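Trainee: model the following, please.
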Amino acid sequence: MPCHVPATSVSSRRSAFYSKRPPTIAAKLDLSMPGEAWAEDYLRRASTGIDAFWRPIGIRRDAGALFVAERWLIGKKSEHHSVVTISLTEHAVSWHKYPSAKAALADIDRKLTAQTSDSTLTAGEPASTI
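Mentor: Just a heads-up that it's a prediction; the model follows:
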């Protein structure tokens, strides 16, 4: 005789976990390319673990860079959001501060749109975004 009665339905905690969608791909990187492998490693080190100093809130990619809207975990409260540009061709990182997450996300979309229209006019092929 069993010690307990098996559940006839899935618990609410378990059903909430399983009903979540899998995460969407923000940017595809070719890790066989040295610059892209370095960018992935830098992004992972900067945003995970106990030594993380920011959390990504949005990521976009064009042919030569990753644009990461992020929230700083350290520093002044008034300067918590930035857009970090991580080069995919060399070891280079730059950032620009924004007053809110919404402004940072709008900027990465604007940068991508501007670069897509520029590359369409000059090269005839839009920048790759995923």
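Trainee: mind listing the strands for this protein?
Mentor: 54-61, 65-72, 81-87, 93-98 (DSSP state E).
Trainee: would you mind writing the CA trace of the last one as PDB?
Mentor: Extracted C-alpha coordinates of strand 93-98, given in PDB (Å, rounded to 0.1, in the frame of the first residue of the first chain):
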ATOM      1  CA  VAL A  93      33.700  48.200 -25.500                       C
ATOM      2  CA  SER A  94      32.100  51.600 -25.200                       C
ATOM      3  CA  TRP A  95      28.900  52.800 -23.500                       C
ATOM      4  CA  HIS A  96      26.600  55.700 -23.300                       C
ATOM      5  CA  LYS A  97      24.400  56.400 -20.200                       C
ATOM      6  CA  TYR A  98      20.600  57.000 -20.400                       C
END
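Trainee: least trustworthy helix or strand in this structure by mean pLDDT?
Mentor: helix 12-19 (a mean of 55; mean pLDDT, DSSP states H and E).
Trainee: low-scoring stretches of this protein, by residue?
Mentor: 1-21, 23, 77-78, 115-130 (pLDDT under 70).
Trainee: which residues does Val93 bridge with?
Mentor: Counting by DSSP bridges, Val93 forms beta bridges with Ile86.
Trainee: give me the neighbour count for it.
Mentor: 15 (other C-beta atoms under 10 Å). Bear in mind the C-beta positions are built from the backbone N, C-alpha and C, glycine included.
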